[in-house]
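>>> okay, predicted coordinates and the sequence, questions at the end:
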Amino acid sequence: MPLNKSTSSCSLMSLDNTHNSSVSSTSRSKKIIYFVRHAEATHNVLEHEAVERVKAAGTSCKKLQDEARRSVLHCPTLKDAPLSKRGVAQSKSSWDKLSELVEHENSPFSPPQIVLVSPLRRALMTATTLFGNIQNPPPKFIAIEALREKRTGMECDERNDPAILEQEFPHVDFTNVKQGLPVVSKGEDNTQVRSRVKHYLEEHLPLVPHDFVAIVSHKGWLRELRHTLKSYENAGDLHVDFDLNEWHQTLYGNAELRVASFEWTTETNQLSCVIERSVDNVMTDIVASTTTE
């Protein structure tokens, strides 16, 4: 549930004035990151239908509903499932929101200069639909193996060979995926996904040479990202400000777009501050600041 905006401790657009002002801005580096969960895919439709059938039969047991949902995911035709028609529409809607955000005359935000995307088809389609219309210049699209969903062993979470995906998404660089690192084994659990997320967050994301970045991934990957951030906060190593109650337990919806500021200490590349808002709340802040000027 979103917090009342007046209770938020700081604004995404005024980070330098609200967090650790005793630290010189020259000793910090900052990126604006657009986080996106893929839009609805065809296997998500089947999951929903399976759950609704169980409910219609009078079963309210969450365990039985989950078993029904999982039972439809082993069909070979679901390998690397694409977006549904509704998913394509969701991606277009998210693009409309991003476009409104970056084109507002008082917006400090720019379109992403680089789009880092899971190599699963549903994420690639979402990234292409959402960010593919950006021009002058267009962003670079790079498929990143570390961003893929938990490899459950179900067909929907098995990606196609990069040679096949390159034909469908010629604008995407699959070099990283072809390298096969990190090795993502079938049947990995949430702890293994979190380890993969943590390594990417600490070793790779700070080195991305752009100020405006998009990351398109999955519910499980984004969940473990938030759990990782929560562990940093609990250890006293990270200042975190979300517009959500229980933010570390809240899951992304399909095609949900959120805007985050990630700030690192330059000397150590240690993440020091994360501020994240829904794109709607960021837009509300911009409009509000415009009317008070």
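Noted; the coordinates are in hand.

>>> report the contact partners of L73.
By CB atoms under 8 Å, 6 or more residues apart in numbering, the contact set of L73 is 43, 46-47, 152, 154-156. For glycine as for every other residue, the C-beta is placed from the backbone atoms N, C-alpha and C.

>>> E145 touches P182, doesn't it?
Yes - using CB atoms under 8 Å, E145 is in contact with P182, at 6.4 Å.

>>> of those two, which one has the most company?
A direct count of neighbours by other CB atoms under 10 Å for E145 and P182 places E145 higher, at 21 against 14.

>>> quick check: the gap between that one and R122.
According to CB to CB, to the nearest Å, E145 and R122 sit 16 Å apart.

>>> same question for E52.
E52 is 21 Å from R122, by CB to CB.

>>> can you pick out the residue with more neighbours from these two?
A count of neighbours by other CB under 10 Å puts R122 above the other of E52 and R122, at 28 against 12.

>>> for the more buried one, pull up the helix or strand it's in.
R122 is part of helix 121-131, with elements assigned from DSSP states H and E.

>>> re the thing from before, using a markdown table, lay out the contacts of L73 together with pLDDT, secondary structure and distance to A288.
A markdown table is the format used below for the contacts of L73 (pLDDT from 0 to 100; DSSP: H, G, I helix; E, B strand; the rest coil; distance: CB to CB, whole Å):
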| residue | pLDDT | secondary structure | distance to A288 |
| --- | --- | --- | --- |
| H43 | 96 | helix | 40 |
| L46 | 95 | helix | 42 |
| E47 | 93 | helix | 39 |
| T152 | 94 | coil | 43 |
| M154 | 93 | coil | 44 |
| E155 | 93 | helix | 46 |
| C156 | 95 | helix | 41 |
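
>>> following the helix or strand hosting Y200, which helix or strand comes up?
When elements are assigned from DSSP H and E, Y200 belongs to helix 190-203. Note on helix 190-203: by DSSP H and E, the next helix or strand toward the C-terminus is strand 212-217.

>>> contacts for the helix or strand just after that following strand next, please.
Heading C-terminal from strand 212-217, the first helix or strand you meet, by DSSP H and E, is helix 219-234. Contact partners of helix 219-234, identified using CB under 8 Å, 6+ apart, comprise 35, 37, 118, 147-150, 190, 193-194, 196-198, 201, 238-240, 247-248, 250-252, 271, 274.

>>> which among those residues count as buried?
Listed as buried from those are 35, 37, 118, 147-150, 193-194, 196-198, 201, 238-240, 247-248, 252, 271, 274; burial here means 16 or more other CB atoms under 10 Å.
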